[in-house]
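J.: sharing a model prediction with you, sequence too.
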Amino acid sequence: MHLSDDMRTELERRLEVIASEQHDDPAFRDLPTVDVISLLLLLVFAIVGTVLLQGS
Amino acid sequence: MNVTQAVAASPVHEALAETLPLTRSERRWSFLDVLSVKSGLAIATWAFLFGGTTAQYVGFGDGVLAMVAGNTIGVVILLLALVLPSSKWGTEFFVHQRSVYGPLGALVFVILVVVALVFAWAAILATMIGRSAVEIVRIAMPQASLDFSIVQSVVAVLMLALAWAILIRGSESVRVLNRFAAPGLLLLCVWLMVALFSEVPLATLLAAPPIAPHPDRATNIMLVVELHIAGGLSWGSLAANLGRYAQTQRAVVWGSLIAYVPVYILAASVGLISALALGSADPVTWMIPITGRIAGVMLLALLALANLSSLVGMVQGNCQTLIQHFGPRLQRLGWPRFTLLFFAGVSAMVLFASDALYDRFYTLVAFSEAIIAPMCGIALADRVVLRHNTIDLRALYDSSANGAYAFWARVNWAAMAALCAGAAAYLTLLDPLAMTGSALFTSLSASLPAVVTAFVVHVLLTRTVVMRAGKGSYAH
């Protein structure tokens, strides 16, 4: 669970780099709302589709 | 210090350093890269076997629709609950889960979900490659009196050695391998599908009855949907750890969704059709009689490549977990030596226990599902409802008893209780070994109630107990 000394040093370097990057970079941005809604719609379609298939 | 300087100055091997939070420059995988790697994982013998199990309960039409529905449900939940957080913060999946279960609690899941399964999965995949090789040898040397079990084991161990050689360079070699392999694997599926339809008329296929269904059609459909929800969710930590390399969350979500649903369904449909029409889901047994010797050998070689790409992707994703959670000794070994040790362990399983593992393929899936489904509900509740999508990245690596995510003695017992409640809901509704459901199973499935139960219990216990006790750094 603990990190070796080398890995701890590397972790500190990375946290420093990430802190400077994450405010303006698309890699750290959340999934756009339209994508989240699309995923939720797919989920609903799949559930409704299962019910309809069972009843058909 | 910029990223290039940071990595250049790193005291640890690049592949080992990648197991820590990823910087922007290390998130190199485009949408196409994610699609290739995840397709490389999805197309393997296990997809054919899932399709074959579908044929036990339903015919072709119901089977394809139920597989699409089940996989879509499982994969969407997987993406929202487990993949997005690792992609956003770039951390190894179970490191992020320390904020949910505490450092010691997360370690318990590493042992239950990864250690208990990953060696077995790797051994099963290597054995599947060995089986393809045995069929090729049978064709090439029909007169030879060889012990084919030895051929199978030797090839499996050689493939493990090849997989290790590929993996030494870390995620970049996985990306490159799959950019070449994925089109070949799609060709494999399409070729098999064409070969099957040339042998079996569509009308015959549509009329083919399921092999061993329950009396009630609705229950059979739900069993197939449940099987594929389980299949979708079982990508679990592996999908999250590989998703870390994507350039954006959009790339990881849609690349994974396409690979795990339509691409996977294509391969699973091959298994479904062949099981219904020919009585066997495993293409190794029917490829050559249907396609002829030369095409059959080429297809077997592609099948071996399919299983190799799955093996490499799976080990790359899961070795990150092992090396992050089992302390400095493993980390000091370095990535090449650690992965060599891992493959040596898998080789021992191939040599001494492969048949037993192959026969228990579905038991492994069933075992993991009762844990992974509630984990998804808890992860979703914790990230979206309780933490509002924020995390203290540094605190994830503080495993002391006074850390921000230490909870009680480094375990969040509230999350553990929620997980037990979800698992109890799952096992009450479905016996995953016998694949028999209770009366409510036909309407509710087992995974969805497990996700919802764990979600609700985790929110309630966290708000009423954990937050009031001031544990876990939840904002009020």
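T.: Ah, there it is.

J.: tell me the mean pLDDT for the one helix or strand B:V224 maps to?
T.: Element membership of B:V224 [criterion: DSSP states H and E] is helix B:217-233. Here helix B:217-233 scores 94 as its mean pLDDT.

J.: likewise stretch B:344-351?
T.: The model assigns stretch B:344-351 a mean pLDDT of 90.

J.: tell me the buried residues in it?
T.: Buried residues in stretch B:344-351, counted by 16 or more other CB atoms under 10 Å in any protein chain shown: B:V346, B:S347, B:M349, B:V350. Where C-beta positions appear, they are placed from N, C-alpha and C, glycine not excepted.

J.: where along chain B do the strands fall?
T.: Taking DSSP state E, the strands of chain B run over residues B:430-431, B:436-437.

J.: shaky segments in the chain?
T.: Using chain A. Applying pLDDT under 70 to chain A flags residues A:1, A:23-27.

J.: try again with chain B
T.: B:1-13, B:354-366, B:476.

J.: report the contact partners of B:A417.
T.: Listed by CB atoms under 8 Å, 6 or more residues apart in numbering or on different chains, the contact set of B:A417 reads B:V457, B:L461.

J.: how much space is there between it and chain A?
T.: Per CB to the nearest CB, to the nearest Å, B:A417 is found 22 Å from chain A.

J.: quick one, phi/psi of B:S399?
T.: B:S399 has phi and psi values of phi -100, psi 20 when expressed as degrees, to the nearest 10.

J.: kindly report the same for the one 4 residues further on.
T.: The phi and psi values for B:G403, taken as degrees, to the nearest 10, are phi -70, psi 160.

J.: okay, the closest residue to it other than its chain neighbours and B:S256: tell me how far apart.
T.: The shortest distance from B:G403 to any non-neighbouring residue, by CB to CB, 6 or more residues apart in numbering or on different chains, is to B:A395 (6.0 Å). B:A395 is 28 Å from B:S256, where distance means CB to CB, to the nearest Å.

J.: now do B:G317
T.: Note on B:G317: its distance to B:S256, by CB to CB, is 12 Å.

J.: between the two, what contacts are shared?
T.: Shared contacts of B:G317 and B:S256, defined by CB under 8 Å, 6+ apart, are found at B:A239.

J.: could you pull up the residues touching B:S473?
T.: Counted by CB under 8 Å, 6+ apart, B:S473 has contacts B:S99, B:D392, B:A395, B:A404, B:Y405.

J.: quick check: closest non-adjacent residue to the second one.
T.: Read that as B:D392. Closest to B:D392 by CB to CB, 6+ apart is B:A404, at 5.6 Å.

J.: up against chain B, what does chain A have?
T.: With CB under 8 Å from any CB of the partner chain as the criterion, chain A comes near chain B at residues A:1-7, A:9-11, A:13-18, A:21, A:25-32, A:35-36, A:39-40, A:42-43, A:45-47, A:49-50, A:53-55.

J.: B:Q247 contacts B:S25, doesn't it?
T.: No. Taking contacts as CB atoms under 8 Å, B:Q247 lies outside contact range of B:S25: 10.6 Å.

J.: which one of those two is surrounded by more residues?
T.: Remark: of B:Q247 and B:S25, B:Q247 carries more neighbours, 19 against 14, as counted by other CB atoms under 10 Å in any protein chain shown.

J.: now the contacts of B:S473 as CSV including distance to B:S87?
T.: Listed next are the contacts of B:S473 as CSV, based on distance: CB to CB, whole Å:
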residue, distance to B:S87
B:S99, 16
B:D392, 18
B:A395, 19
B:A404, 22
B:Y405, 20
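
J.: in this structure B:A66 contacts B:T54, no?
T.: Yes. Contact between B:A66 and B:T54 holds when scored by CB under 8 Å: they sit 7.2 Å apart.

J.: show me the biggest helix of the chain in terms of residues.
T.: No chain specified, so I'll use chain A. Longest among the helix segments of chain A by residue count, using DSSP state H, is helix A:33-55.

J.: chain B is the one I meant
T.: helix B:293-325.

J.: that one: how far from the chain's middle?
T.: The chain centroid and the centroid of helix B:293-325 are separated by 12 Å under CA atoms, centre = their mean, to the nearest Å.

J.: tell me the contacts of the residue nearest to B:V465 when sequence neighbours are not counted?
T.: Leaving aside its sequence neighbours, B:V465 sits nearest to B:A414 (CB to CB, 6+ apart; 5.5 Å). B:A414 is in contact with B:F407, B:H458, B:L461, B:T462, B:V465, B:V466, counting by CB under 8 Å, 6+ apart.

J.: quick one: the fifth one and B:V459, what's the gap?
T.: In this structure, B:V465 lies at 11 Å from B:V459, with CB to CB as the measure.

J.: settle it for me: which of these two has more neighbours?
T.: More neighbours surround B:V459 than the other of B:V465 and B:V459, with 19 against 13 (other CB under 10 Å).

J.: hang on, isn't that one packed against B:V385?
T.: Yes. Counting by CB under 8 Å, B:V385 is a contact partner of B:V459 at 5.6 Å.

J.: coming back round to it: find residues that contact each of B:A66 and B:T54.
T.: If you check B:A66 and B:T54 against CB under 8 Å, 6+ apart, the residues they both contact are B:V224, B:H228.

J.: between those two, which one's more packed in?
T.: When B:A66 and B:T54 are compared for neighbours, B:T54 comes out ahead with 31 against 26, by other CB under 10 Å.

J.: can you tell me which residues contact that one?
T.: B:G63, B:A66, B:M67, B:V224, B:L227, B:H228, B:A268, B:G271, B:L272, B:A275.

J.: ok, now which ones touch the nearest residue to it once chain neighbours are set aside?
T.: Distances taken as CB to CB, 6+ apart put B:G63 closest to B:T54, at 4.6 Å, once the chain neighbours are dropped. Applying CB under 8 Å, 6+ apart to B:G63 gives the contacts B:G51, B:T54, B:A55, B:V224, B:S269, B:L272, B:L276.

J.: now, the residues you listed that are in helices?
T.: Going by DSSP H, the helices hold B:G51, B:T54, B:A55, B:V224, B:S269, B:L272, B:L276 from the contacts of B:G63.

J.: count the neighbours of the nearest residue to the third one once chain neighbours are set aside for me.
T.: The shortest distance from B:A55 to any non-neighbouring residue, by CB to CB, 6+ apart, is to B:A275 (3.6 Å). Here the number of neighbours of B:A275 (other CB under 10 Å) works out to 24.

J.: B:A275 touches B:P209, doesn't it?
T.: No. Using CB under 8 Å as the test, B:A275 is too far from B:P209 to be in contact (11.8 Å).

J.: return the nearest residue of the stretch 251-400 of chain B with respect to chain A.
T.: B:P328 (3.6 Å; CB to the nearest CB).
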